[in-house]
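Student: Pasting a predicted model and its sequence here:
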Amino acid sequence: MHANGILLKRLFTALGEHDHLAMASCYHPKARFRDIAFNLRGADEIYDMWRMICSGDIEVEFEVLEADDRAGRVRLVDTYTFGASKDPPKPGRRVRNAIDSRFQFEDGLIVRHEDDCDAKVWAKQAMGDGVGAFLASRIRLMRSLVANAKLTKFVRTNPE
């Protein structure tokens, strides 16, 4: 397996082990991350996101499909509870999210990471059949505002 394939395997194995520090070591300082909610710039923002995600109950299945000197691709399925909270107590909803992850590499690290999934399928699982789910499935800005507010609150209430 190519060295960048090993890097991707290390990234997602660390996610399955809830090891955000190992994940952070896979990213270039000027890395960018984008998915259906986040658009993050720099390793620090990406690290905070993984730190938040690793604090939850995420389970991971993945397959490195390809990787070379410049680019890579991974098929990923994340399973986790969305919207659970302790205060006030709220159980959340189970989500099984199939993701196509694409990468670009520089200096042996991830410099660009883009995740793509079906936002309509995700919203239905995460939020049910209500108006909020309908809007979240169609409006990226809404998903982004909610995700970034959640990340900001996590970082503020869970300093390192």
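Tutor: Everything's here; your move.

Student: burial of residue 160, as a residue count?
Tutor: 6 (other Cβ atoms under 10 Å). No exception for glycine: its C-beta is placed from N, CA and C like everyone else's.

Student: So it versus residue 74, what's the distance?
Tutor: 27 Å (Cβ to Cβ, to the nearest Å).

Student: List of residues touching the longest strand belonging to the chain?
Tutor: Secondary structure of the chain per DSSP state E: the longest strand is strand 93-106. Residues from elsewhere that reach strand 93-106 (Cβ atoms under 8 Å, 6 or more residues apart in numbering): 4, 7-8, 28, 35, 67, 69-83, 110-118, 121-122, 125-128.

Student: Would you indicate which residues of that strand are buried?
Tutor: Within strand 93-106, the residues scored as buried using 16 or more other Cβ atoms under 10 Å are 95, 97, 99, 101, 102, 103, 104, 105.

Student: Pairing partners for that strand, with directions?
Tutor: Applying DSSP bridges, strand 93-106 is found paired with strand 71-82 (antiparallel), strand 109-116 (antiparallel).

Student: Neighbouring strands of the helix or strand residue 61 falls within in the sheet, and parallel or not?
Tutor: Here residue 61 sits within strand 59-67, counting by DSSP states H and E. Take DSSP bridges as the rule and strand 59-67 pairs in its sheet with strand 71-82 (antiparallel).
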